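Visitor: Please find the sequence and the predicted model below.
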Amino acid sequence: MRNVTLWLVSICAGLAAVNCSRSDGPDIGVPGGSGGFGFPGGSGGFDTCINGGPSGGTAIPSPGPGFPGSTTFEPPQFGTTVTLEAAPPAINGGTLLVLHDGHTAMASDPDRDRVSIVDLVARTVKATVPLSPGDEPGRLVEDAAGRVHVVLRRGGAVISLQPPAFTVSDHQAVCPAPRGLAYDAKADRVHVACAGGELVSLPAAGGAPVRSLTLDSDLRDVVVDGDGLLISRFRSAQILTVTAAGAISERRSPPSSQSPEARGNQLFASAVGWRMTGMPGGGVVMVHQRGMVDEVSPQAGGYGSQSPCDAIVQTALMVMKDGQMPKAAPAIPGMVLPVDVAVSPNGARVAIIAAGNATNSASPAGPPALPRVFAADIADVSDPSVGCRPDGRYGPCMADIGGAGGFAVGAFGSGGVPGTGGSGVGEATGSGGATGTGSAAVDGGAAFDAGAPVSLCPPNGAPAGEVPAVVGEPIALAYEGGGKVVVQTREPAALLLDGGAAIALGGDSREDTGHTVFHSNAGAFVACASCHPGGAEDGRVWNFACEGARRTQSLSAGISGTEPFHWNGNLKSFSDLMQNVFIQRMSGPKLVPDQMTAVLHWIDHQPPTAKAAPADPAAVERGRALFNDQKIACATCHAGDKLTNNMNADVGTGGLFQVPSLRGIGARAPYMHDGCATTLGDRFSNTACGGGDHHGVTSSLAPAQVADLIAYLETL
């Protein structure tokens, strides 16, 4: 049966490549395989894996009525539209720390610019440390003396909180955009990783930096590992090994992955390293995304379906010990925006958060319909033999069954046989799906008929008492000393711990509809922030059917005034953009005009990442003059406040493409519509990629002049 599955997927991939328009084709479902995970056909099936058959089926693989998660899936709920003038920051995770005593928690609140100190046993807030507006506190770390050091993401500094009162004892400027930090017990130092590529080392007891290095850009988290450091890069999910002397000795990326259990064996590559943290005994875990390398359909439903293993963006966990990168881990199904990860005190368990599932429920403020926290054995979620299983062990349980169709549990394990009675040929659904042998969650199990829903596995993979019920918008999590997971929610501001009421952190509401929509699982197990993390972009190049390679466009400078949208300029307004992408491709609900306005407001009010002052201001000024030179003609198209004329132009790169804004260009490699230029230097030196003199008359510039021009571009 698995051979049939792969055969159908191969046919569909070929058809998608050659047929870009709808035609009424047969209803075909993809069966479950022996030991595999089948993708049932939807109502109406599909024709060419692009639009759908005559009954309106969606792109392959399409959910059947009995697919786990499809009967209980609920769209995001947005409630009454609220727009904050001071837009809240994007979700970044990593804002919760449980101290060495095991029962005191420190919670950074980037929305309210404060740090809360909480007694988890008494379930009370012991103190709140107010910060300056716009500081945006982030990662925290405790040193050997019990001081807690906190990164101020927009404040450009690290503060130290002195116990027992945790008053601010030190405030050190480190870099314009600090991100991660770690405590080095041997040297009694705090290492700070910065988005601009700086690695700054501070004495833990306070005082000015003792070392500052410049490494690769886009640094995220830092972990002390032996005598060296492991540092993650955000968009690429790459891990740098840095020696005690401060040199990069190795760069490694999580491996690519493909499995019949995950979107029909299509290839995925690593991207967006949301959070990396150390493990007891050495090594690190990093929760990251993977993006699809194979062709993506830009049609309705093309970014996924209601199958939790079907989205073009996956969640995965990477475990690295002794400097050895493992084989590809399973896709963790249904976990949209895995912004944080925590490791249990004994190093055996791991908990992951899904910030994107916060709004999926049957009604506004209703109970969760999708997992918001998943806990599992590290050995299971890093098992290279598994592809994608929503069974409560390798992924959160999404196998509530019953109602029309039922579900063939054997699709997960050996001997799984498709059920009958589905709407597509060969669906793994239907009344009384037959199964294989073994346990219900992994190796097959009993047949289930249509009827009342039946729970097949623990919803969050955790035994009773480990994970709290999460109601609200989760943004961070940590394990306390007894092995229970503590969850921090953004709105309302609270800490959640199993076995009692939420610990309210107080403060004004920071509810904002634009923020909510942007971070929500739209319907295809993908959010806007999946490809635009931090309100910017993921640095990926996607392969779109009928269009080819397209690099994710940045939102970091705001997008009002840059219409029309997309590389081919075919979307004339933001409403068109949301209709085409959020509602159609991402299978999202219809948005009313004020909701769309709220999203646009939120995007436009996200501050750009702060940059260091240029090393050579004179070079920047020479580059500015070159940029505005009429003979070179850069400013002919890249004009105005947004540095775009909002037109399509043929600059010798293979067709007419929208002139992009150059705001923030220095931090968004690779470049060009297809990502062909790894650096800005490549854009000028590689004429086949950059267009040569069709794209600014720069062939006569000396190398030093090109360097000056790049120096100027990097300041924009």
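Guide: Thanks, I have it.

Visitor: make it CA atoms for all contacts and neighbour counts henceforth
Guide: Noted.

Visitor: Residues in a beta bridge with the closest residue to residue 96 other than its chain neighbours, which ones?
Guide: Spatial nearest neighbour of residue 96, chain neighbours left out: residue 107 (4.6 Å); criterion: Cα to Cα, 6 or more residues apart in numbering. Residue 107 has the following beta-bridge partners by DSSP bridges: residue 96, residue 116.

Visitor: Residue 107 reaches residue 119, doesn't it?
Guide: No. The pair residue 107 / residue 119 is not scored as a contact, 11.3 Å apart, by Cα atoms under 8 Å.

Visitor: These two: which is more packed in?
Guide: residue 107 (28 against 17; other Cα atoms under 10 Å).

Visitor: what pLDDT does the more buried one get?
Guide: On pLDDT, residue 107 comes in at 98.

Visitor: now do residue 67
Guide: 34.

Visitor: Next: residue 75.
Guide: The model reports residue 75 with a pLDDT of 87.

Visitor: who's the residue lying closest to it once chain neighbours are set aside bridged to?
Guide: What sits nearest to residue 75 in space, not counting adjacent residues and going by Cα to Cα, 6+ apart, is residue 360, at 5.3 Å. Per DSSP bridges, the residues bridged to residue 360 are residue 76.

Visitor: Could you list which residues are in contact with residue 360?
Guide: For residue 360, the contact set (Cα atoms under 8 Å, 6 or more residues apart in numbering) comprises 73-77, 368-370, 520-521.

Visitor: mind running it again at 6 Å?
Guide: Residues counted as contacts of residue 360 (Cα atoms under 6 Å, 6 or more residues apart in numbering) are 74-76, 369.

Visitor: and which of those is nearest residue 318?
Guide: Nearest to residue 318 out of the contacts of residue 360 is residue 369 (Cα to Cα; 26.9 Å).

Visitor: correct me, but the closest one touches residue 361?
Guide: Yes. Judged on Cα atoms under 6 Å, residue 369 makes contact with residue 361 at a distance of 4.7 Å.

Visitor: what about the nearest residue to residue 101 once chain neighbours are set aside, how many neighbours?
Guide: Computed as Cα to Cα, 6+ apart, the closest residue to residue 101 that is not its neighbour in sequence is residue 481, at 7.3 Å. Using other Cα under 10 Å, residue 481 has 17 other residues around it.

Visitor: How many residues are close by residue 369?
Guide: A count of nearby residues for residue 369, using other Cα under 10 Å, gives 20.

Visitor: And the one 3 residues further on, by the same measure?
Guide: By the measure other Cα under 10 Å, the count of residues near residue 372 is 30.

Visitor: Next: residue 173.
Guide: Number of residues near residue 173 (other Cα under 10 Å) recorded here: 15.

Visitor: which one is it nearest to, not counting chain neighbours?
Guide: That would be residue 157: by Cα to Cα, 6+ apart, it lies 4.1 Å from residue 173.

Visitor: Can you pull the phi/psi pair for that neighbour?
Guide: phi -150, psi 170 (degrees, to the nearest 10).

Visitor: Looking at the longest strand along the chain now, give me its mean pLDDT.
Guide: In the chain, assigned by DSSP state E, the strand with the most residues is strand 268-278. What strand 268-278 shows for mean pLDDT is 97.
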